[in-house]
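S.K.: Dropping a prediction and its sequence here:
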Amino acid sequence: MTVNLTKGQAISLQKNDGGSLSAVRMGLGWQAAPRRGLFGSRTREIDLDASAVLFADKQPVDVVFFRHLVSDDGSVRHTGDNLVGGAGQGGDDEAILVDLQRVPVHIDQIVFTVNSFTGQTFQEVQNAFCRLVDETNGQELARYTLAGGGNVTAQVMAKVHRSGTGWTMTALGVPANGRTFQDLMPAILPHL
Amino acid sequence: MTAELVRGQNHPLSEARLEIRISAGTSVVAAATTADENGKVRGADGVAHPGTPVLPGLEVSRQPAADHRLAVDLGAMPEAVHRVSVLLVLPGGGHGPNRFGAVAAPFVAVTGLDGTELASYTVTGLDAETAVIALELYRRQDAWKVRAVGQGYAGGLAELLTDQGLPQAHHLAGTVEEAVARALARSVSAPPPRTADADRSRQPAAPVPGGDQAPGIPAQPAPQPPYPAGGPPQPPYPGAAGAPDPAAGPQPTAPAGGPIDYSHPRRQTTAPPPPPPTAPPAPPGRPAQPVAGDATGWSMEERLYNQVWGMFEDLARTTAAYRSAVDFAESRREKELDQALSDPRNRMGGQSDAARQAAHVRHTRLVDQARAALDRDLAQLTAESEVVEPALPPAYAGWDNPVWHGYRVPMEIPMAVRLGDLHLPENPSLRIPMLVRLPLERGLWIDSGRSGMSDETFADAGRLRRLAMDAAVAHAARLLAVYPAGEFTVHVIDPAGSAAQALAPLVRTGVLAGPPAAGAAGVTDVLSRLTQRVDLVQMAVRGGAPDALPPGFDTSEQLLIVNDFPHGFDDRAVTRLRYLADEGPAVGVHVMMVADREDAAAYGPLLDPLWRSLLRLTPVADDHLADPWVGHAWTYEPPLVPPGSHVLEQVLAQVARTRRDGQR
């Protein structure tokens, strides 16, 4: 049963039977918004990049993005860069796999961001979403759809953080500007 | 002018004789149903499918394929037919994708007989469905139109036909399945199954339950089994017309003969590889028992190779996790101690001590947690190593492995060869075989120098040189042993004859191409012969005439062992050696230097490219190799023959014997 999150909402990543999740996938998808005009039928390709930043006590420790596809410890894996965005609706364009049991003990938060590498703003993007899927059975646990892309080039989508013995996902939806995740650090830090 | 239809859009058809072209990117079954003015399919004879491919005015393909062309003659349609629906069905049977969501969106085009496209439609948005109505042609006031439908059915063909009002839907679906199975049995073998990774990136999102969905119908988007597997049909979309009756007839009959065998009956080579051994189910809460060869690959050798590299990566990563956690714990403790010291309120009394104490406790707790996680992973890798090591073939096995006692000269060149062991300081007893692909891509340099060694254990330089030569001989013997007879030739340059003792096993068994070359003349002779060989092969390859080599030309891989470099080398010989190291690997000539870089210091930076182009190995354990993922410094240990063992001589004698037998 999927939960449609609103901005700021959090859900606990527990299985229905009380067990904790072992592996999750953060999928991100987007489409280029159609433009009107003389050559209106031509949709521009939009290169959005998903990144995951691993924090230990509010310090970035490792980052997984298109140039570093696997975290040093192997627990977080990026499935690869997508340069053009979604052809169909609803499919994940980029996905980041997180093996929650293998995340090093000192990592307490993982923040997921989306940047527009090509510099287009989110006004030219439609249907941007991030969703969390239980990788072991393909079930969608939570989905956060970006409402109304603004005149920004990046979004801090969500974070997955430790709470008690398990993990919790919180939808952030913070607009920001930047080409890669480094530019987003000021926007991320208040939400840790 | 082509009309690109979106779902639900229609388009008039001006021509009566049409072709419907389908390209699905994967093998699908194409079928068509004909319905009356009420949208009901009359019966099984109103459905064109691989079992009955021809109906009046309609013909479909007899087998599943990625591309179809259906012929339609609207003028020849019976008067009673008011609607023709074009269906795509995944063949199922346990082969290939079992949901449209896992494959590229099918593309359907209606064309005239001359091939001009009249209308086209890409069937998008499918997920767990295994059958879909792509489009329909329908009669409206004596004219025909086409409409893009894109209605998918998770329950497969049976559910689709039920939805079309066909009374014997399940029975007919079974018939179609059987016809497909027969057709597949005639067709060529399927490509190897796609890997899970390839599928994963294409997995679309699960459909979001709509507001108008009937309560009680689960929105569970989990992949549906292909239709003959049964299971209650589920309406894939809210608002799917005519929810199926749960009691709608019997389940489809299973196809005769069970799952389809895709392999060619008389072609063994295309048979899929034997399945890798799978781990027995683990008791809950404990990791699975490791099994040797538990990795992907077409042969046991490839699977073991992949497994060893997988263990290598796992150890690198789990250690990285541990080290970063410990580093973090230490930096946090320092910060907290600094804070405790700088806080003026803590100057008095025991508060400062308490804060310091707390910082230490937090540090210890985190390090303990990290160590526990590391120990868990190390235990699993150690267990895996214990089953993998005994299962390794000679090329991958250590010299102490019993597999060498049953050694026979192989018939094929192995994928890789073991050059030593690697381990990390966190657990020196867990050793990962260092496997390098064959043929070698770069030469080897056995470092006989003391550079990088701080202790005085090897104050005796002569002893280190001896060990280096022993290691070189062990590497050469292994390469000789794992290549088929006569396909690997070893030359030795030993200008001063200082390595005669170490070279004895190679010399005595007669596996060398000739006696070790001594003196400046010997150096020049061997180098010029090998240089000439590289030139010849390069010329032949560049000229596109590899067959034009002189008769009797030795095409085996060549290894040149150079001891005591640069002793006995003049400038011309050094230049030739560099040429061999640069150009040789591409044409099967490899260099193994046993040298101390300091000895060649007189050449200055001139030889730096030579050293860099070689893979540096050491005769004693030394942490100089980095892994490709995290860049840890791994301790390399050379594969030495156990003391007192004669395995090297026995193996080399076997090589020599097989060579003689082959020549006779």
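M.R.: Looks like it arrived, so ask away. Everything quoted here is computed from the prediction, not taken from an experiment.

S.K.: The residue nearest the centre of chain A pairs with what?
M.R.: Centroid-nearest residue in chain A: A:F112, 4.0 Å away (criterion: Cα atoms, centre = their mean). Bridge pairing for A:F112 (DSSP bridges) gives the partners A:A52, A:A158.

S.K.: Residues touching the helix or strand of chain A with the lowest mean pLDDT, excluding its own?
M.R.: Scoring the helices and strands of chain A by mean pLDDT, DSSP states H and E places strand A:3-4 at the bottom, with a mean of 76. If you take Cβ atoms under 8 Å, 6 or more residues apart in numbering or on different chains as the criterion, strand A:3-4 is touched by A:I11, A:L141, A:A142, A:R143, A:Y144, A:T145, B:V208. (C-beta placed from N, C-alpha, C; glycine too.)

S.K.: Which one (most neighbours) among those?
M.R.: A:Y144 (24 neighbours; other Cβ atoms under 10 Å in any protein chain shown).

S.K.: Starting from whichever helix or strand that one is part of, tell me which strands it pairs with and how they run.
M.R.: For A:Y144, the host element (DSSP states H and E) is strand A:139-145. As defined by DSSP bridges, the strand partners of strand A:139-145 come to strand A:3-4 (parallel), strand A:125-134 (antiparallel).

S.K.: contacting residues around B:D36?
M.R.: Contact analysis of B:D36 by Cβ under 8 Å, 6+ apart lists B:R42, B:A80, B:V81, B:H82, B:R83.

S.K.: about what we covered before: wait, isn't the residue nearest to the centre of chain A in contact with A:A158?
M.R.: Yes: using Cβ atoms under 8 Å, A:F112 is in contact with A:A158, at 5.2 Å.

S.K.: Identify the contacts common to those two.
M.R.: Residues touching both A:F112 and A:A158 (Cβ under 8 Å, 6+ apart): A:M26, A:C130.

S.K.: Only C-alpha atoms, please: export the strand holding A:Y144 in PDB.
M.R.: Presented in PDB, the C-alpha positions along strand A:139-145 are these (Å, rounded to 0.1, in the frame of the first residue of the first chain):
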ATOM      1  CA  GLN A 139       6.200  -2.800  -3.600                       C
ATOM      2  CA  GLU A 140       5.900   0.900  -3.500                       C
ATOM      3  CA  LEU A 141       6.100   2.200   0.100                       C
ATOM      4  CA  ALA A 142       5.800   5.900  -0.400                       C
ATOM      5  CA  ARG A 143       5.600   8.400  -3.200                       C
ATOM      6  CA  TYR A 144       6.100  12.100  -3.200                       C
ATOM      7  CA  THR A 145       5.000  14.000  -6.300                       C
END
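
S.K.: now that strand: how far from the chain's centre is it?
M.R.: Its chain's C-alpha centre and that of strand A:139-145 lie 11 Å apart, by Cα atoms, centre = their mean, to the nearest Å.

S.K.: likewise stretch A:140-155?
M.R.: With Cα atoms, centre = their mean, you get 9 Å for stretch A:140-155.

S.K.: and A:N115, that's in a strand?
M.R.: Yes: counting by DSSP: H, G, I helix; E, B strand; the rest coil, A:N115 is located in a strand.

S.K.: For it, which non-adjacent residue is spatially closest?
M.R.: Distances taken as Cβ to Cβ, 6 or more residues apart in numbering or on different chains put A:A154 closest to A:N115, at 4.4 Å, once the chain neighbours are dropped.

S.K.: so what's B:V641 up against?
M.R.: Contacts of B:V641 by Cβ under 8 Å, 6+ apart are B:W399, B:A474, B:V647, B:L648.

S.K.: List just the nearest of the residues you listed to A:N177.
M.R.: Of all the contacts of B:V641, A:N177 sits closest to B:A474, with 59.7 Å by Cβ to Cβ.

S.K.: Give me the number of neighbouring residues for the closest one.
M.R.: Using other Cβ under 10 Å, B:A474 has 22 other residues around it.

S.K.: That one belongs to a helix?
M.R.: Yes: counting by three-state DSSP, one finds B:A474 located in a helix.

S.K.: and it, how far is that from chain A?
M.R.: With distances taken as Cβ to the nearest Cβ, to the nearest Å, B:A474 is found 33 Å from chain A.

S.K.: With B:Y579 instead?
M.R.: For B:Y579, the distance to chain A - Cβ to the nearest Cβ - is 37 Å.

S.K.: Could you count how many residues lie near that residue?
M.R.: Counted with other Cβ under 10 Å, B:Y579 comes out at 15.

S.K.: hang on, the earlier thing: which of the contacts of B:D36 count as buried?
M.R.: Among these, those classed as buried by 16 or more other Cβ atoms under 10 Å in any protein chain shown are B:R42, B:V81, B:H82, B:R83.

S.K.: Can you name the residues that contact the third one?
M.R.: So the one you mean is B:H82. Residues near B:H82 by Cβ under 8 Å, 6+ apart: B:A35, B:D36, B:E37, B:G39, B:Y138, B:R139.

S.K.: Could you turn the buried ones of these into a ChimeraX selection?
M.R.: Here is the ChimeraX command that selects the buried residues among the contacts of B:H82 (16+ other Cβ under 10 Å):
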select /B:35,36,39,138,139
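
S.K.: Point me to the helix or strand that includes B:A358.
M.R.: Per DSSP H and E: B:A358 is located in helix B:351-391.

S.K.: no wait, B:Y138
M.R.: Assigning secondary structure by DSSP H and E places B:Y138 in strand B:131-140.

S.K.: how far is the next helix or strand after that strand from where the chain is centred?
M.R.: Sequence-wise, the next helix or strand downstream of strand B:131-140 (DSSP H and E) is strand B:143-153. On the basis of Cα atoms, centre = their mean, strand B:143-153 sits 41 Å off its chain's mean C-alpha point.

S.K.: Show me what the mean pLDDT comes to for the next helix or strand after strand B:143-153.
M.R.: Beyond strand B:143-153 in the direction of the C-terminus, DSSP H and E gives the next helix or strand as helix B:156-163. Confidence for helix B:156-163, expressed as mean pLDDT, is 84.

S.K.: ditto for stretch B:495-512
M.R.: Stretch B:495-512 comes out at a mean pLDDT of 89.

S.K.: Mind listing residues that contact that stretch?
M.R.: B:465-466, B:469-470, B:472-473, B:476-477, B:480, B:490-492, B:494, B:515-520, B:522-523, B:563-564, B:567-569, B:594, B:648-649, B:652-653, B:655-656, B:659.

S.K.: Go through it and flag the buried ones.
M.R.: Residues of stretch B:495-512 classed as buried: B:P495, B:S498, B:A499, B:A502, B:L503, B:P505, B:L506, B:T509, B:V511, B:L512 (neighbour count, 16+ other Cβ under 10 Å).

S.K.: swap in stretch B:75-93?
M.R.: B:77, B:81-93.

S.K.: what are the C-alpha coordinates of it, in PDB please?
M.R.: Taking C-alpha atoms only, stretch B:75-93 is exported to PDB below (Å, rounded to 0.1, in the frame of the first residue of the first chain):
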ATOM      1  CA  GLY B  75     -14.300  -5.000 -47.700                       C
ATOM      2  CA  ALA B  76     -14.200  -8.800 -47.100                       C
ATOM      3  CA  MET B  77     -15.400  -8.500 -43.500                       C
ATOM      4  CA  PRO B  78     -18.800 -10.200 -42.900                       C
ATOM      5  CA  GLU B  79     -21.600  -7.800 -42.500                       C
ATOM      6  CA  ALA B  80     -22.100  -8.900 -38.900                       C
ATOM      7  CA  VAL B  81     -18.700  -7.700 -37.900                       C
ATOM      8  CA  HIS B  82     -18.700  -4.200 -36.500                       C
ATOM      9  CA  ARG B  83     -15.500  -4.200 -34.600                       C
ATOM     10  CA  VAL B  84     -12.000  -5.700 -35.000                       C
ATOM     11  CA  SER B  85      -9.800  -5.500 -32.000                       C
ATOM     12  CA  VAL B  86      -6.000  -6.100 -32.300                       C
ATOM     13  CA  LEU B  87      -4.500  -7.800 -29.300                       C
ATOM     14  CA  LEU B  88      -1.000  -8.300 -28.100                       C
ATOM     15  CA  VAL B  89      -0.200 -11.100 -25.700                       C
ATOM     16  CA  LEU B  90       3.100 -12.000 -24.000                       C
ATOM     17  CA  PRO B  91       3.800 -15.700 -24.800                       C
ATOM     18  CA  GLY B  92       4.500 -16.500 -21.100                       C
ATOM     19  CA  GLY B  93       5.400 -20.100 -20.300                       C
END
